[in-house]
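S.K.: Let's see this in three dimensions:
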Amino acid sequence: MPELKAELKAKAHQSTRRDQRPQDHVCWRAMEHIETVEKERDNLRALLKQVDKSWRPKGSGYRGLKKQVDDAVGDEPETTVEGE
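M.R.: As a prediction, this is how the structure comes out:
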């Protein structure tokens, strides 16, 4: 991912017009979006580790957790295929 961000940043600097800032280029915005997504992913991973350490579901593993979620939520929502 660092290679992609570096490439996007370089491309933004190379392909900007004189009246345009590199930060306004689509490649620069894509690089910033990637960085934001990476930070959010890291935050979610840290939060998941915290939750995993402090809370253990009843039952065994996934099935116990799925049963608790199904009991709390109720029936599973129906899935529909678009275009039919």
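
S.K.: Measure how buried Gln68 is and give me the count.
M.R.: The tally of other residues near Gln68 (other Cβ atoms under 10 Å) stands at 13. Any C-beta I mention is one placed from the backbone N, CA and C, and that applies to glycine too.

S.K.: That one is in what secondary structure piece?
M.R.: Gln68 belongs to helix 61-73 when assigned by DSSP states H and E.

S.K.: Regarding the protein, what is its longest helix?
M.R.: Ranked by residue count, the top helix of the chain under DSSP state H comes out as helix 26-54.

S.K.: Give the other helices and strands that it contacts.
M.R.: Helix 26-54 sits against helix 2-14, with contacts defined as 3 or more Cβ pairs under 8 Å, 6 or more residues apart in numbering; DSSP states H and E.

S.K.: Enumerate the positions of the helix it packs on that are buried.
M.R.: Within helix 2-14, the residues scored as buried using 16 or more other Cβ atoms under 10 Å are Lys5, Leu8, Lys9, Lys11, Ala12.

S.K.: tilt between that helix and helix 26-54?
M.R.: Orientation check (axes from the mean of the first three to the mean of the last three Cα atoms, to 10 degrees): helix 2-14 against helix 26-54 gives 150 degrees.

S.K.: Mean confidence (pLDDT) on stretch 42-57, please.
M.R.: Across stretch 42-57, pLDDT averages out at 77.

S.K.: same deal with stretch 9-22?
M.R.: 69.

S.K.: Just the terminal-to-terminal distance for stretch 5-25.
M.R.: Start and end residues of stretch 5-25 are separated by 13 Å (Cα to Cα, to the nearest Å).

S.K.: if we can go back for a sec, list the buried ones in the longest helix of the chain?
M.R.: Using 16+ other Cβ under 10 Å as the test for burial, helix 26-54 gives Cys27, Trp28, Ala30, Met31.
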